[in-house]
Structure formats: C-alpha cells, structure tokens
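**Q** pasting a predicted model and its sequence here:
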Amino acid sequence: MTARLLIVADDYGYSPAYNRGILEAVRAGTIDAAGAMVVRPWCDPAPLLNAGVEVGLHIEAGGSLDLQLERFERLFGAPPRYLDGHHHCHADPGLEDVVVDHALRLGVRVRSIDERQRGRLREAGVATPDRLVGRLDEAEEPLLPEIAAVIGGSAPPEGVTEWMTHPGRRDAELGSRYDEGREADLELLLRLRGDPAIAAWR
C-alpha cells in the first residue's frame, strides 16, 4: 500500500475573509481539495472551478442534505467529489446513514473521523481515507505531530492520510470560535509548500 497525503481545506463559503485565505492556499498549490458550505451567501463557485482543485460538500447540520446537494450541483455544475461535515456533523447518528446513501449513489468518498466510523463506512461500501489528522481547536499547535514527523525524516504512514485544515484570513466579527487559527493554518501551508517530504507524500 502506498502512502498519500490529501490536504483538504474546510469552510469555503463561510465568510469572504475565509474564502480569501483558502484561495491563497489553492493558488499556491498547497491544498488538494476544498469543502464548500453551499447554504452560505459567500459560496462563490467560480474561483474554485477556475483553480481546478477537488470540491466537496461541507455539510451543515440543520438543513436538508438533499437540498444542499441540489444547491451544490446548481452552483458547481456537477456533484461534489466528496462529502464531509461542518464540526463532523456527517458522523452524527441519523445523518450518517443519509450521507452513506448519497455517497453510494454518487460514488464519492466520505471523511471518516475515527476508526469506528471508518469501519462503518467501509462495511457499507463507501470509500474513505485511512486516517484523519487535523485540529479543531486553535489553541493546539498548527503543525501536527504526524506532519512534523514526516518533515523530520520519518516514513509516512501507508495508505491515505487526510489532513483537515482551515486556512483563512481573520474575520473577528463573524464570531467563529476558530478565527485566529485560520491565519496560522494558512501560514503553515504556505511555509510547507516547498518542503520535499510533503511534496513526495502528496
């Protein structure tokens, strides 16, 4: 089994400032995919479509998944390439089964947040990466131990590692609990764009 790193930016569409940061990362070639929040008014598809990165649906709780998928297809002109959830809502009981049904219908992968969900997805026949790394709290260090180890010379783990990131520019008025951390994520991604270990892993 070969090793691959898939760098994914979450929250495209959350705010214009967050979009700017994600697009900086896209244009620098530092991410492989971006998750779109299609119910937000700032989800402009054109920049992502022009950049050529994979675009997935970043599902939001409290809204119909059918309607979010329909809106995604209207905006982007095609179904999402993958599914995941804001604050991992796609793994919530009651929603996960619906996500599985749509993933199978579309033939797309789903982010798995832990081994238990990974097992459920695979048992259902849904493709999913072999592990997920990333931070949900901006108080944590942006350079994750798993990433730092490979940069330091360790062999990357076998299989597909999904690195969940939240690059962006600050938007303190939005009230997101993960605001300052977005610039730290962006700066880290830009700093690592020339790293040979990361380039070889991708």
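**A** Nice, I can see it.

**Q** Arg182 - how many residues pack around it?
**A** 27 (other C-beta atoms under 10 Å). C-beta here means a position set from N, CA and C on the backbone, and glycine is covered the same way.

**Q** how far away is Ala149 from Val98?
**A** For Ala149, the distance to Val98 equals 36 Å [C-beta to C-beta, to the nearest Å].

**Q** do the same with Thr165
**A** For Thr165, the distance to Val98 equals 26 Å [C-beta to C-beta].

**Q** who's more crowded, those two?
**A** In terms of neighbours (other C-beta under 10 Å), Thr165 is the more surrounded of Thr165 and Val98; the figures are 27 against 14.

**Q** doesn't Ile7 make contact with that one?
**A** Yes. A contact is recorded between Thr165 and Ile7 when judged using C-beta atoms under 8 Å, the distance being 6.3 Å.

**Q** quick check: neighbours shared by those two?
**A** Listed as contacting both Thr165 and Ile7 by C-beta atoms under 8 Å, 6 or more residues apart in numbering are 31, 189.

**Q** buried residues, the least confident helix or strand in the chain by mean pLDDT. List them.
**A** The helix or strand of the chain with the poorest confidence is helix 45-51; it has a mean of 93 (mean pLDDT, DSSP states H and E). Buried residues in helix 45-51, counted by 16 or more other C-beta atoms under 10 Å: 45, 47-48, 51.
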